[in-house]
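[1] 3D model of this:
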Amino acid sequence: MATIPIVVKHQGTKYDVEVDPDSTGEIFKFQLYSLTGVEPERQKILVKGGQVKDDTPMSKFNFQPGQSIMMLGTPGGKDILARPKEQIKFIEDMTEAEAAQQEGAIPAGLTNLGNTCYLNSTLQALRAIPELQNALGTYEPQAGGAAAALMPPLDLTKQLRDLYKYMSETQETYVPHAFLTALRTAFPQFAERSRTGPGYAQQDAEEAWSQIVTQLRQKLHVKDTSNSTESSFVDKYMSGEFTSELGCDEPAAREGGEKAVVSKDTFIKLNCHIDSSTNHLRDGIANGLSEKLEKRSEVLGRDAVYTKTSKISRLPKYLTVHFVRFFWKRETQKKAKIMRKVTFPHELDLVEFCDDKLKGMLVPVRDKVREVRKDEEDIERARKRRKRNLAGEDVGDIPSGKGAAKKDEKKDDSKKAATSADGDVEMGETYKTDAEIDAERDAALLEAKKELHALINPELGKDDGANQSGLYELRGVVTHQGASADSGHYTAYVKKAAPVDPKTGKRKEEDGKWWWFNDDKVSEVTSDKIEALAGGGESHSALILLYRAIALPAADGTIE
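    This is a model prediction of the structure:
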């Protein structure tokens, strides 16, 4: 349909605008934004027969050529339309590094150098930790002595730094040869030759993960925000703490005065032990927090069975969970795989596994987070419902005395004066406008967010590498396909990070999609693919899960 020329009056100025009847009010508002600098959400466009809404079809107003309408509104100030300070650069004019860092760019895959899928999947999943990449960017090997000059090429942390830097500057497949050499030098087991053919043997991705993290724990340090001291990156962001109690199972030992031994231990992963009763990740974690062992009892004068029960006394920001699927099978002299299906959540609540002290800190915050989330969902649902109800509605038919009230508005408790036949003043009902309702809800939500931050224990609040709510979101999965750790194939899934809004500097909402890294092949998949990784056969099943502490809503309404 042909466009219709009309005139829009705004603050004494007339603008000639071409209206496309097939478009919507949202597109029309952006046309006016380019002419007036008034943001679409600040515009009020008055047309005979109604007001222009975002989803209103422009054909509804039956514009005539040369017709004049009026627009009200002023620019917001800091976001006023202005000429870009930097010259716009098109993709074809960008360098390879610039193109790789654009929103939506496909990340680099890694070449399989002969049974190295276990390493490729591990490296891709670890790369999902942005704080790790930032810390590696400032890492420099420590100098010292003539021998040290030969060490940097074999420094695993340096090689990881260089690897991630190169990967961030390309969308092409990268060959991790230097890192693989450093890994095999530091840990010779990864240089084992295949017994069934030429080349190197397949290795366990979990073992590679643990060895790399152990090296990072020793070499990579970061400044503590609360003071000027340095701490291990892994200790700060990826390590938790157990408080364990070891006690003899036999009553005679306790009656004889033997007391349980309490200890504290650091962990860099939680194990999910799988047996015939394990159906969910929670079951496996519970299995791993209680173990039986045999040791000598001095009170009994002989060996006895003891139970070690562990509770979590610190939760890290990034939590690694390992499905213990491989075990040594004597008949075949190989690591066999437990095929049982074990489901896992996208959001993990670990509060129940914490000791009483930590649980007391986390529960109020966790419950308030859920309350704030529900409020946000209710507000968004109400706005969408109102928008649907108003679609196509003629605002001009609504009595002006009602303040343009809509069907889903709440009545105000205040009264409006009216005069009865005998001259007495009657009190009538008034209605709140959409803007008033939204303002009240937003104010209540902001107050709830402030209350949330007030609930954070000061001791926990100082530990910016810890989880402050007990809630985690899934960010990465390393999978294994096959029946044995010595064979099969590993891949990795990493959740796509939310893009940053260039205007506000804040992150937008995530689209829920994931990157699937299958060595050099990288593809985008939907979240339902993650649901299928629970196992139950020789197809791809989760071996390592990487969880991140959920981001708490900031008191100013942003996400931290």
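[2] could you pick out the longest helix of the protein?
    In the chain, with assignment by DSSP state H, the single longest helix is helix 356-390.
[3] centre of the chain to that one, how far?
    Centre-to-centre, helix 356-390 and its host chain are 17 Å apart (C-alpha atoms, centre = their mean, to the nearest Å).
[4] got the domain ranges for the protein?
    Domain segmentation of the chain under automatic domain parsing yields 4-72, 98-142+149-230, 240-315.
[5] quick one: average pLDDT of the shortest one?
    Looking back up the chat, that one is domain 4-72. The average pLDDT within domain 4-72 is 87.
[6] closest one to Val525 among the domains of the chain?
    Of all the domains of the chain, it is domain 98-142+149-230 that lies closest to Val525, at 12.6 Å by C-beta to C-beta. Where you see a C-beta, it was placed from the backbone N, CA and C, and this is true even at glycine.
[7] give the rounded mean pLDDT of that closest one.
    89.
[8] try stretch 516-530
    On average, stretch 516-530 scores 95.
[9] again with stretch 285-298
    In this model, stretch 285-298 has a mean pLDDT of 94.
[10] gap between the two ends of that stretch?
    32 Å (C-alpha to C-alpha, to the nearest Å).
[11] give the buried residues for it.
    Residues of stretch 285-298 classed as buried by neighbour count (16 or more other C-beta atoms under 10 Å): Ile285, Asn287, Gly288, Leu289, Ser297.
[12] dump the residue contacts of the fourth one.
    So that's Leu289. By C-beta atoms under 8 Å, 6 or more residues apart in numbering, the residues touching Leu289 are Thr309, Ser310, Lys311, Phe353.
[13] quick one: what helix or strand has the residue lying closest to Asp519 once chain neighbours are set aside in it?
    Excluding the flanking residues, the one nearest Asp519 by C-beta to C-beta, 6 or more residues apart in numbering is Asn112, at 4.3 Å. Using DSSP states H and E, Asn112 sits within no helix or strand.
[14] would you mind measuring from Asn112 to Lys337?
    Applying C-beta to C-beta, to the nearest Å, the value for Asn112 to Lys337 is 21 Å.
[15] now do the helices in the stretch 401-550 of the chain.
    434-454, 458-461, 528-531 (DSSP state H, counting those that start in this stretch).
[16] quick revisit: for PyMOL, write a command that selects the buried ones of the contacts of Leu289.
    Listed next is the PyMOL selection for buried residues among these, using 16+ other C-beta under 10 Å:
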select buried, resi 310+311+353
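[17] which two among the contacts of Leu289 are spaced furthest apart?
    Using C-beta to C-beta, the contacts of Leu289 reach their maximum pairwise distance at Thr309 and Phe353, which is 11.0 Å.
[18] so which of the helices of the stretch 401-550 of the chain gets nearest Val494?
    Proximity to Val494 (C-beta to C-beta) singles out helix 528-531 among these, at 10.7 Å.
[19] which residues are in contact with that closest one?
    With contact meaning C-beta under 8 Å, 6+ apart, helix 528-531 is reached by His346, Leu474, Val477, Tyr493, Trp514, Trp516.
[20] thank you kindly, that will do.
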